[in-house]
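K.L.:
kindly generate the corresponding structure for this input.
(chains A, B, C and D)
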Protein chains: 2
Amino acid sequence: MEQHKIPQATAKRLPLYYRYLNNLQHQGKTRVSSQELSDAVKVDSATIRRDFSYFGALGKKGYGYNVEYLLHFFRETLDQDELTEVALIGVGNLGTAFLKYNFLKNNNTKIVMAFDRDANKVGTKIGGVPVYHIDDLEEKIGDIHVAILTIPASEAETMTERLVENGIEGILNFTPARITVPSHVRVHHIDLAVELQALVYFLKHYPLDNEKGNKKE
Amino acid sequence: MEQHKIPQATAKRLPLYYRYLNNLQHQGKTRVSSQELSDAVKVDSATIRRDFSYFGALGKKGYGYNVEYLLHFFRETLDQDELTEVALIGVGNLGTAFLKYNFLKNNNTKIVMAFDRDANKVGTKIGGVPVYHIDDLEEKIGDIHVAILTIPASEAETMTERLVENGIEGILNFTPARITVPSHVRVHHIDLAVELQALVYFLKHYPLDNEKGNKKE
DNA sequence: ATCCTTTTGTGAATGATCTCACTAAAAACT
DNA sequence: AGTTTTTAGTGAGATCATTCACAAAAGGAT
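P.N.:
So this is what the prediction gives:
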């Protein structure tokens, strides 16, 4: 592939830039400087310029960046136009939150089906997304390769095996379980309890007071 | 304070270690090696040893770590015994998920109140947590210093100002808005859309090697 | 056209984190 | 008791990421 040189830290910020640029375009703005962008997304302006520079010279000195051009460029780079279909496993409160979240507004991902074992949910649509019984996973999943896992931790490991057997290659794991997967499967963990604990720990042990911005993640 | 030398990356992993050690204790295990821990939490064993080493020599060579001792030590270091009270702002699906999540099982944080403006929710209890009207924030919040923000992005900025005026110093922000805060306030962003997009981007551009586990068919 | 201002793109410095690879100590075994 | 095995702790280097600071290019003004 072409751009193996983009740092992962940069890649993680791209969706953020993309979304804000979209906002700008809707507001009718045609140009933006790294400094303006910095104020909005809370990332150092030098970091933003560095991030963009991995894709070549996208801006003009003394002018900034053309919003439309940047968006057009990102659309291709981020594969924004190529829709990635996603399955959601577990329609509890967290799962429902995802289903009702309008990912499509700025994004390249769409949850196209959900699975649960609760008979009250199976057969309904939530946020426009059909909910199937988990027993029908094999039958329904088709060639979806990304799954969001919002089930109890106790079921995470067996469900993961089943997902992987059925072609899933990327898992956004919201369970506290650190699941085991073959080496070709990518897992991103988002552990709500850990995030909250980490925030509290930082509050107690890393007083900030006279720093400038604040950090993410 | 005492240990300002602990890297932030280490601090973020502590809750993870802590939770797994708790599991081990419940299973009756008395010792654990960095390698076992590594397999379980998916962090390189050298990183784990390095992490622990910031707190001094907690293990024994040729033996590993004593689970109980480690837990006892972490309890103090992580302030596990000192409960941090948290307020939740916005009782939608995501907020409800938090309220029903039993943070107390292994943790040092507790959501003690929630706020919303929906009359159907105000006055009820969800997951044992009372829901107050958002207009009563000033009256009810007491000296809580940590808030979880699960409201629509459009309300994030004004709500943040209000929270900060009322003594909040740490915000776990689930809205896509990059909120602006004074320098003494710490914000951690968790942006669900960005996380999903980043996962998809990595899947497409950073292929994982599948040399040893050939699971393709 | 000329000068001044803005703002990019980037070399280099710095900072942060991770991992290798080895030492030494304790445990386990014979 | 002596030998082998296990495993923590860590120096040093590798890798990754951020930030400084400035030259050069382009815009804007007159």
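K.L.:
any part of the longest strand seen in chain A near chain B?
P.N.:
Of all the elements of type strand in chain A, the one with the most residues (DSSP state E) is strand A:109-116. Yes: residues of strand A:109-116 contacting chain B under CB under 8 Å from any CB of the partner chain: A:Thr109. C-beta coordinates here come from the backbone N, C-alpha and C atoms, glycine included.
K.L.:
per-residue confidence averaged over that strand?
P.N.:
The average pLDDT for strand A:109-116 rounds to 95.
K.L.:
list the pairing partners of the helix or strand just after it within its sheet, with orientation.
P.N.:
For strand A:109-116, the following helix or strand on the C-terminal side (DSSP states H and E) is strand A:125-126. Strand pairing for strand A:125-126, determined by DSSP bridges: strand A:129-133 (antiparallel).
K.L.:
give me the angle between the strand it pairs with and strand A:109-116.
P.N.:
Going by axes from the mean of the first three to the mean of the last three CA atoms, to 10 degrees, strand A:129-133 is angled at 30 degrees with respect to strand A:109-116.
K.L.:
export strand A:129-133 as CSV, just CAs?
P.N.:
Provided in CSV are the C-alpha atoms of strand A:129-133 (Å, rounded to 0.1, in the frame of the first residue of the first chain):
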residue,chain,number,x,y,z
VAL,A,129,-31.4,-1.1,12.2
PRO,A,130,-32.9,-4.6,12.2
VAL,A,131,-32.3,-6.7,15.3
TYR,A,132,-31.7,-10.4,14.7
HIS,A,133,-31.5,-13.3,17.1
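K.L.:
hmm, back to that, for the longest strand of chain A, which positions count as buried?
P.N.:
Neighbour-count burial for strand A:109-116, counted by 16 or more other CB atoms under 10 Å in any protein chain shown, picks out A:Thr109, A:Ile111, A:Val112, A:Met113, A:Ala114, A:Phe115, A:Asp116.
K.L.:
do the host helix or strand of A:Arg19 and DNA strand C meet at all?
P.N.:
Element membership for A:Arg19, per DSSP H and E: helix A:8-26. No: applying CB under 7 Å from any atom of the strand, one finds helix A:8-26 separated from DNA strand C by no less than 9.6 Å.
K.L.:
that helix close to DNA strand D?
P.N.:
Yes: counting by CB under 7 Å from any atom of the strand, DNA strand D is contacted by helix A:8-26 at A:Gln8, A:Ala9, A:Thr10.
K.L.:
could you pull out the helices in chain A for me?
P.N.:
Applying DSSP state H to chain A gives helices spanning A:8-26, A:34-41, A:45-53, A:67-77, A:93-100, A:137-140, A:156-165, A:192-205.
K.L.:
which one of those is the most hemmed in?
P.N.:
The highest mean neighbour count among the helices of chain A, using mean count of other CB atoms under 10 Å in any protein chain shown, belongs to helix A:93-100: a mean of 22.
K.L.:
outside of it, which residues touch it?
P.N.:
Helix A:93-100 has contacts (CB atoms under 8 Å, 6 or more residues apart in numbering or on different chains) with A:88-89, A:91, A:111, A:114, A:116, A:126-127, A:129, A:148, A:150, A:174, B:92-94, B:96-97, B:100, B:192.
K.L.:
next one: stretch A:14-31
P.N.:
Identification of contacts with stretch A:14-31 by CB under 8 Å, 6+ apart yields A:32, A:37, A:40-41, A:43, A:48, A:51, A:63-68, A:70-71, A:74, A:77-78, A:80, A:106-107, B:176, B:178, B:191, B:193-194, B:197-198, B:201.
K.L.:
could I get the helices of chain A in CSV, plus columns for mean pLDDT and distance to B:Tyr206?
P.N.:
Listed next are the helices of chain A as CSV, based on pLDDT from 0 to 100; distance: least, CB to CB, whole Å:
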stretch, mean pLDDT, distance to B:Tyr206
helix A:8-26, 94, 7
helix A:34-41, 96, 23
helix A:45-53, 97, 16
helix A:67-77, 89, 14
helix A:93-100, 95, 24
helix A:137-140, 97, 27
helix A:156-165, 97, 18
helix A:192-205, 91, 24
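K.L.:
just send those helices back as CSV, with distance to A:Lys121 too.
P.N.:
Below are the helices of chain A laid out as CSV (distance: least, CB to CB, whole Å):
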stretch, distance to A:Lys121
helix A:8-26, 29
helix A:34-41, 37
helix A:45-53, 41
helix A:67-77, 35
helix A:93-100, 9
helix A:137-140, 15
helix A:156-165, 16
helix A:192-205, 22
